[in-house]
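Below are the sequence and a predicted model; questions follow.
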Amino acid sequence: MKREPRVVYGFHAILARLRSDAKSVIEIFLDEARSDARGKDLAAAAGRAGVRLMRVPAKRLDGFSAGGRHQGVIARIEVKNFGESLDDLLDELKHPPLLLVLDGVTDPHNLGACLRVANAAGVDAVVAPKDRAAGISPAVSKVASGAAESTPYLMVTNLARTLTELKERNIWIAGADERAEKTLYEADLPESVAWVLGAEGEGMRRLTRERCDLLVRIPMRGEVESLNVSVSAGVCLYESVRRRASKQSG
């Protein structure tokens, strides 16, 4: 089933999409008053990619962005079809899954940053509960810089049940928890893993924590007590990436 196009705004996010997947950009709307270098560069990039670009009044852009800071440019993007469910996606994989599970991340900027780092680390999907998470919005897409349209973001009705189902597929559930005894670098990490992170401050919910096969903490060497959830996600995901690469080279 074809998904509805998504609105993306901001120069960085749209240029990133033009570079990575220009065919997914349906059309671009640029403020008719923008004649500066950024506007000219974007228009040139759209022309090289063969993407339709229209000069429009700023008020029209304001309507598209619903009050978001669009910087004078908005694009309509085709969203990839990642299948109907997490099961569909996992069934298609030919390699050990690497997943990111977010429990309670409701801030759009944090979600966008998590999607960006997940995409960079090669994560197969990001999973979140429907009742306690931010959805994909133009603000999320802007922060994610293209990752929101290319990384599967699947919202599930019952997160605890989904984690149980992942375990049945022999995917280990590894939670990042500041109270854990072992550090990330001391723990054994399997190749098939779903990293679970909670919102900064609150952490994971009890039922989510109880579903984890492994709990680890990120060692903190300085004065701060915690990291932003997207930074924590990056640390954990790239440790899995590093160990996979080390195993393959060894």
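That came through, no problem.

any idea of the mean pLDDT in stretch 174-190?
Over the span of stretch 174-190, the pLDDT mean works out to 93.

So what's the gap between it and the chain middle?
Taking CA atoms, centre = their mean, to the nearest Å, the mean C-alpha location of stretch 174-190 is offset from the chain mean by 22 Å.

Could you export that stretch as CSV, CA atoms only?
What follows is stretch 174-190, C-alpha atoms only, in CSV (Å, rounded to 0.1, in the frame of the first residue of the first chain):
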residue,chain,number,x,y,z
ALA,A,174,19.5,-5.1,25.6
GLY,A,175,18.5,-2.2,27.8
ALA,A,176,20.6,0.9,28.6
ASP,A,177,20.0,1.6,32.3
GLU,A,178,22.2,3.7,34.6
ARG,A,179,21.5,1.3,37.5
ALA,A,180,22.9,-1.7,35.7
GLU,A,181,25.9,-3.5,37.2
LYS,A,182,27.8,-4.1,34.0
THR,A,183,29.0,-1.4,31.7
LEU,A,184,28.4,-1.5,28.0
TYR,A,185,32.0,-2.5,27.4
GLU,A,186,32.0,-5.3,29.9
ALA,A,187,28.9,-7.1,28.6
ASP,A,188,28.7,-9.8,26.0
LEU,A,189,26.6,-8.6,23.1
PRO,A,190,25.0,-10.9,20.6
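
What residues sit buried inside it?
Within stretch 174-190, the residues that count as buried by 16 or more other CB atoms under 10 Å are 174, 175, 176, 177, 180, 184, 189. The way it works is simple: take the backbone N, C-alpha and C, and place the C-beta from them, glycine included.

Return the residues in contact with the closest residue in space to residue 151 that isn't next to it in sequence.
Ranked by CB to CB, 6 or more residues apart in numbering and with sequence neighbours excluded, the top spatial neighbour of residue 151 is residue 119, at 4.5 Å. The contact partners of residue 119, by CB atoms under 8 Å, 6 or more residues apart in numbering, come to 144, 146, 147, 150, 151.

Among those residues, which one has the most neighbours?
Ranked by the number of neighbours (other CB atoms under 10 Å), those place residue 144 first, at 28 neighbours.

show me what contacts that residue?
Counting by CB under 8 Å, 6+ apart, residue 144 has contacts 13, 111, 112, 113, 115, 116, 119, 151.

For those, which single residue is the most surrounded?
Neighbour counts for the contacts of residue 144, by other CB under 10 Å, peak at residue 115, which reaches 30 neighbours.

Can you list phi and psi of the spatially most central residue of the chain for me?
Residue closest to the average C-alpha location in the chain (CA atoms, centre = their mean): residue 115, at 1.3 Å. Backbone torsions of residue 115, given as degrees, to the nearest 10, read phi -60, psi -40.

For this structure, just list every one of the helices.
11-21, 37-49, 58-65, 86-92, 108-120, 138-144, 147-150, 159-168, 206-210, 229-249 (DSSP state H).

helices or strands up against the shortest one?
I take that to be helix 147-150. strand 6-9, helix 11-21, helix 108-120, helix 138-144 (3 or more CB pairs under 8 Å, 6 or more residues apart in numbering; DSSP states H and E).

so which of those gets nearest residue 196?
helix 108-120 (12.2 Å; CB to CB).

partners of residue 195 in the sheet?
For residue 195, the beta-bridge partners under DSSP bridges are residue 100, residue 174.
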